[in-house]
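**Q** Below are the sequence and a predicted model; questions follow.
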Amino acid sequence: MNDIAPRPLCRRISFTLCLLGACLAAGFTPAARAAKASALPNIVVIFTDDQGYADVGVFGAKGFRTPNLDRLASEGCKFSNFHVAQPVCSASRAGLLTGCYPNRIGIHGALAPRSKVGISKREMTLAQLVKQRGYATAIFGKWHLGDAPQFLPLRHGFDEYFGLPYSNDMWPLHPELVRLPSTDARRKRGYPDLVLFEGDKVRIPQVTHEDQNQLTTWYTEHAVKFIESNQDRPFFLYLAHNMPHVPLHVSDKFRGKTERGLYGDVIEEIDWSVGQVMDALKRTGVEGRTWVIFTADNGPWLSYGDHAGSAYPLREGKGTCWEGGTREPCIMRWPGRIPAGTENKQMFMTIDLLPTVAKLIHADLPKHAIDGLDVWPIISGKRGAKNPHDAYWFYYEANQLQSVVSGDGRWKLQLPHSYRTLAGKPGGRDGTPVPYEQRKIESAGLYDLANDVSETTDVAAQHPKMVKQLEAEAEKARAELGDSITKREGKGVREPGRAAGE
């Protein structure tokens, strides 16, 4: 016999109602979870590595096809004046994820393995921003903001991580090092074995050529699984492909498929990956509330020739602040929110994405200074929308201010600096690069990008007022972020994160 007396009926009913109310308030029911998720957009950023401006069908690709990216454009918008903050790996990614010019937060160039610096714990990433609103977050692919434990993605707002912590060429089997007699000799150049992480643990300690052939497929499979697992809540997916950065790798299902050779094969596999993500969004029923952003981290590495992409009709490529280095192919889709089948020629930059997302999902921006501004009126095609920036500042190398562009994207002042160029020579073949030449800009030159996107003609003499206006913007940049060319220190620069013992 049960010697515990039953609760009175009224008390049991009251307890049940209270429990039900608590569950509903906490959003534990499927209906509540779905309602909560539908109020916030999913965000998918697909970020490729070294893909040129002309390496997508709707941007003029030749020798290969990108049907999924072209479909994404037909269902969304092609942005033809979209830029990254710097024309190189780590710096570009820092700008995307923090809304800051990378030199503001102490990230310059491409961080090497075992780097003593990386992204600081004091910075807020896009993943940390959306966490305020209960998002699931993941990065699959290339991180490249430091590979010491405190720099890895799980320490910076991401729930899941699978990928390489730096570039896929940073290993002893890099094509430029294969002439050395042994793997040990190559390691002495400073590159350890290439490793692949899952979470904060090493999954593959010695990534092989065969492993690299599967990277695009592996990243895609993880992305699809993440979408399927989080369809009932808002999510942020950062799919950061290592390709088409050299050395080029592709799976057997795409090898030898294009007229363009290995480079074209690699791009077609990336396009397949985009299609897999789009199909997963549709299959799970979240397509209508998902903002998809496709772009690249910088322009093509032109010295690699047939293993590099094209920035046509732009000037130069990766590693320069000419348009070919910073202007990237960009496509965005969000059904009902971004006009379908359109092209937008207004300028904006990766640094603008974080504050735009913050405004859309009602999340708080960090307390410290950032450089991006809300550009949702531009992205959504609002009539009369104007870029909120007076100017954009383009840095490269060790904090060199190299150019300044008016906020409307029309006028560009190239400041005195040295830059690399092939000077009309062809690039290398089969994964071996040719050397660049160094050229120097002796005096500032002005370019009218609305009428001369290839930056062929200096019109400074015809527009002295615009030169003066942009020179004043350059002075603002130097006061805030410094400039190693003119030996200026900026008042707004923050320290990067530093590895233990530094």
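**A** Yes, it's here.
**Q** Doesn't Gly324 lie inside a helix?
**A** Yes - assessed with DSSP: H, G, I helix; E, B strand; the rest coil, Gly324 lies in a helix.
**Q** Can you name the residues that contact it?
**A** Taking CB atoms under 8 Å, 6 or more residues apart in numbering as the contact definition, Gly324 lies against 52-53, 299-300, 302, 311, 314-317. Backbone N, C-alpha and C define where each C-beta goes, glycine included.
**Q** now it, nearest residue through space, not along the chain?
**A** Spatial nearest neighbour of Gly324, excluding adjacent residues (CB to CB, 6 or more residues apart in numbering): Ala311 at 3.4 Å.
**Q** what about that neighbour, which helix or strand?
**A** Assessed by DSSP states H and E, Ala311 sits outside every helix and strand.
**Q** cool, and Glu228?
**A** Counting by DSSP H and E, Glu228 is found in helix 215-229.
**Q** same question, Ala110
**A** Judged by DSSP H and E, Ala110 forms part of no helix or strand.
**Q** which phi and psi does it have?
**A** The phi and psi values for Ala110, taken as degrees, to the nearest 10, are phi -120, psi 110.
**Q** same thing with Pro153?
**A** With angles defined as degrees, to the nearest 10, Pro153 sits at phi -60, psi -40.
**Q** For it, give its distance to Tyr238.
**A** Applying CB to CB, to the nearest Å, the value for Pro153 to Tyr238 is 9 Å.
**Q** again, but for His83
**A** Distance, His83 to Tyr238, by CB to CB: 19 Å.
**Q** Could you do Lys225 as well?
**A** Relative to Tyr238, Lys225 is positioned 15 Å away (CB to CB).
**Q** Counting neighbours, which bits of stretch 214-227 end up buried?
**A** Neighbour-count burial for stretch 214-227, counted by 16 or more other CB atoms under 10 Å, picks out 214-220, 222-224, 226-227.
**Q** And those residues, which two are furthest apart?
**A** Across the buried residues of stretch 214-227, no pair lies farther apart than Gln214 and Ile227, at 19.9 Å, counting by CB to CB.
**Q** which stretches of the chain have low pLDDT?
**A** 1-38, 171-191, 501-502 (pLDDT under 70).
**Q** Now do the contacts for the closest residue to Arg439 other than its chain neighbours.
**A** Leaving aside its chain neighbours, Arg439 sits nearest to Thr421 (5.4 Å; criterion: CB to CB, 6+ apart). Thr421 is in contact with 316, 320, 436-439, counting by CB under 8 Å, 6+ apart.
**Q** These, buried ones only, as a PyMOL selection?
**A** Here is the PyMOL selection string for the buried members of the contacts of Thr421, based on 16+ other CB under 10 Å:
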select buried, resi 316+320+436
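**Q** Could you provide the contacts of Thr421 in JSON lines, with additional columns for distance to Leu72 and secondary structure?
**A** Formatted as JSON lines, those follow (distance: CB to CB, whole Å; DSSP: H, G, I helix; E, B strand; the rest coil):
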{"residue": "Glu316", "distance to Leu72": "27", "secondary structure": "coil"}
{"residue": "Thr320", "distance to Leu72": "28", "secondary structure": "coil"}
{"residue": "Tyr436", "distance to Leu72": "34", "secondary structure": "coil"}
{"residue": "Glu437", "distance to Leu72": "38", "secondary structure": "strand"}
{"residue": "Gln438", "distance to Leu72": "39", "secondary structure": "strand"}
{"residue": "Arg439", "distance to Leu72": "37", "secondary structure": "strand"}
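**Q** Could you tell me how many residues sit around Trp376?
**A** Neighbours of Trp376 under the rule other CB atoms under 10 Å: 16.
**Q** which one is it nearest to, not counting chain neighbours?
**A** Nearest one to Trp376, counting by CB to CB, 6+ apart, is Thr356 at 5.0 Å.
**Q** picking up where we left off before, partner residues bridging the residue nearest to Arg439?
**A** Glu437 (DSSP bridges).
**Q** ok, now how distant is it from Val453?
**A** Counting by CB to CB, the gap from Thr421 to Val453 is 18 Å.
**Q** ok, now Asp374?
**A** For Asp374, the distance to Val453 (CB to CB) stands at 26 Å.
**Q** same check, this time on Gly325
**A** Relative to Val453, Gly325 is positioned 14 Å away (CB to CB).
**Q** Between the two, point out the one with more neighbours.
**A** Neighbours per residue, other CB under 10 Å: of Gly325 and Val453, the larger number sits with Gly325, 31 against 17.
**Q** how about the helices of the chain, start to end?
**A** Along the chain, counting by DSSP state H, helices occupy 9-26, 30-38, 67-74, 89-98, 126-131, 183-187, 209-213, 215-229, 262-283, 323-326, 353-361, 376-379, 464-481.
**Q** who's in contact with Gly157?
**A** Counting by CB under 8 Å, 6+ apart, the residues that Gly157 touches are 124-131, 137.
**Q** so which of the residues you listed comes closest to Asp252?
**A** Thr137 (32.1 Å).
**Q** For the closest one, which non-adjacent residue is spatially closest?
**A** Ala127 (4.3 Å).
**Q** Please parse this protein into its domains.
**A** Domain assignment for the chain, taken from automatic domain parsing, gives 40-389, 396-498.
**Q** how long is the longest one end to end?
**A** What that stands for is domain 40-389. For domain 40-389, the first-to-last residue distance is 27 Å (CA to CA, to the nearest Å).
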